[in-house]
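> Pasted the sequence and its predicted model underneath.
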2 protein chains.
Amino acid sequence: MNLFYQPLIAEGVLHLDADESRHCVKVLRRQAGDALRITDGKGFFYDAIITQANDRQCAFRIEQQIVAEPPTAFIHIAVSPTKNADRIEWFVEKAVEIGVSRVTLMECEHTERTYLKKDRLEKVAISAMKQSLKATLPVIDGLVSFQTVINQADTQGRFIAYVDQDNPDHLVDMPASSSYLLLIGPEGDFSQTELTQALTAGFHKVSLGRSRLRTETAALVGCHILNLLRA
Amino acid sequence: MNLFYQPLIAEGVLHLDADESRHCVKVLRRQAGDALRITDGKGFFYDAIITQANDRQCAFRIEQQIVAEPPTAFIHIAVSPTKNADRIEWFVEKAVEIGVSRVTLMECEHTERTYLKKDRLEKVAISAMKQSLKATLPVIDGLVSFQTVINQADTQGRFIAYVDQDNPDHLVDMPASSSYLLLIGPEGDFSQTELTQALTAGFHKVSLGRSRLRTETAALVGCHILNLLRA
């Protein structure tokens, strides 16, 4: 099954963009009268019928609006960009498949890479949302400073993943809640100052397990554990 | 910290291979007398001293053998290869980081891709083992038929991930054991025949959650959940 994306349906835009029109009409050979399943990335699916199979602007009419099952919790991952940009793109793809509401690229003291193709990350997120038949496109923001992230944090569960010797609690043992923010540091980990600031701001220091994980793996593992937590 | 790899230390091979010698001597500029941390991929670390900093065959002597902490459980993932080979390579890299003892590339009825670069997958596994400072290199085998995989299964926990409507149990709710085999099907999922054969062979049908996951994502998510199970 194919899911198409048109974020402006509520604003009255009733056609697919150029890329999606081409895919729908040229590649999938859909014709006028054919049914389409579309999402606006804002929690809604739409059953639609193609009215004009134009491969640059495929027009449709809405038959039905369907409210998608909302995510069990709001999961926000703030992660330092990796030196290799592919790794963050990979994380975004997989996090969207598994379930994430917001991803913030966070600049920490030890962050080495600060240049980011945000539009590329959004493309990856849209494609993963469509592929996994979800109706909610996560917010992707960045680059945001570590300070700003912890100062603006307003989720119930706030966690900072930190690798150290005094065995912090495992994230999987944390209480379930309706919203989470998990901070994942750069290759060089958070600085002691950042850790202290996070703890002062009410973040709970957690472990993601015994293995030494790359930044993007830690971010995905953390996102997955938060998806597993249940009241 | 750098971890080097020499699988034949027990057989008396006391030098790094050409690639690792070049990396150690040319790139990292290690010299005779410098300390090295080496693994044989068989559960041991070795503290060694470079005796000859040769960039084609870097020789060392063993100072100490260290028994690595064994994995909490034997985790075996049998997964159908994906159409895009990168995705299976990605899975192997991440599974090694998180913890996996064996990966079998499994040919199912709906498997589309059967050509595989096994040596490439082994390179990926070695590099992930070194990067995550582990001392056990997982066995990678394949291509093996679905029949062979279920007939040879001898683990305590045996699971088949299957997406259907009669909500099977979630893998995270399964009892912890010392060894697991999890079957992950191709894009087209397992056939009804394969599902029946697995259930007859004593496999338990499990869900990996509500999300529709790609093959390689399902394999990684399953591997991660098995790492989280505790008695």
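Right, received. Where do you want to start? Numbers count the residues shown, from 1 in each chain, chains lettered A, B, ... in the order given.
> Does residue A:95 touch residue A:77 like I think?
Yes - between residue A:95 and residue A:77 there is a contact at 6.5 Å, judged by Cβ atoms under 8 Å. No exception for glycine: its C-beta is placed from N, CA and C like everyone else's.
> what does chain A have sitting close to chain B?
A:69, A:90, A:94, A:97-99, A:131-134, A:172, A:209-214, A:217, A:220-221, A:224-225, A:227-228 (Cβ under 8 Å from any Cβ of the partner chain).
> which residues do residue A:95 and residue A:77 both contact?
Common neighbours of residue A:95 and residue A:77, counting by Cβ atoms under 8 Å, 6 or more residues apart in numbering or on different chains, are A:103, A:219, A:223.
> Wait, the second one touches residue A:184, no?
This means residue A:219. Yes - contact criterion Cβ under 8 Å: residue A:219 and residue A:184 qualify, at 4.4 Å.
> what touches both of these two?
Common neighbours of residue A:219 and residue A:184 (Cβ under 8 Å, 6+ apart) are A:77, A:79.
> what secondary structure does the closest residue to residue A:34 other than its chain neighbours sit in?
Using Cβ to Cβ, 6 or more residues apart in numbering or on different chains and skipping the chain neighbours, the partner closest in space to residue A:34 is residue A:50 (5.0 Å). Put simply, residue A:50 is strand when judged by DSSP: H, G, I helix; E, B strand; the rest coil.
> among the shared contacts of residue A:95 and residue A:77, which are in strands?
Secondary structure assignment by DSSP state E places residue A:103 of the shared contacts of residue A:95 and residue A:77 in strands.
> Highest neighbour count among the shared contacts of residue A:95 and residue A:77?
Within the shared contacts of residue A:95 and residue A:77, residue A:219 tops the neighbour count with 30 neighbours, counted by other Cβ atoms under 10 Å in any protein chain shown.
> Run through the residues that contact that residue.
Counting by Cβ under 8 Å, 6+ apart, residue A:219 has contacts A:77, A:79, A:91, A:95, A:182, A:184.
> Which parts of chain A are strands?
A:3-5, A:35-39, A:44-52, A:59-67, A:74-79, A:102-107, A:139-145, A:157-161, A:169-170, A:179-184, A:204-207.
> tell me which residues of the last one are tucked away?
Neighbour-count burial for strand A:204-207 flags A:205-207 (criterion: 16 or more other Cβ atoms under 10 Å in any protein chain shown).
> swap in the second one?
By neighbour count on 16+ other Cβ under 10 Å, the buried set for strand A:35-39 is A:36-39.
> Same question for the fourth one.
For strand A:59-67, burial by neighbour count (16+ other Cβ under 10 Å) applies to A:59-60.
> Give me the helices and strands touching that strand, please.
strand A:35-39, strand A:44-52 (3 or more Cβ pairs under 8 Å, 6 or more residues apart in numbering or on different chains; DSSP states H and E).
> Make a markdown table from those strands and add mean pLDDT to it.
Supplementary listing: the helices and strands packed on strand A:59-67 in a markdown table, determined by pLDDT from 0 to 100:
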| stretch | mean pLDDT |
| --- | --- |
| strand A:35-39 | 96 |
| strand A:44-52 | 96 |
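> To residue B:196, which of these lies closest?
Nearest of the helices and strands packed on strand A:59-67 to residue B:196, taken as Cβ to Cβ: strand A:35-39 at 31.1 Å.
> elements contacting the closest one?
By 3+ Cβ pairs under 8 Å, 6+ apart, strand A:35-39 packs against strand A:3-5, strand A:44-52, strand A:59-67.
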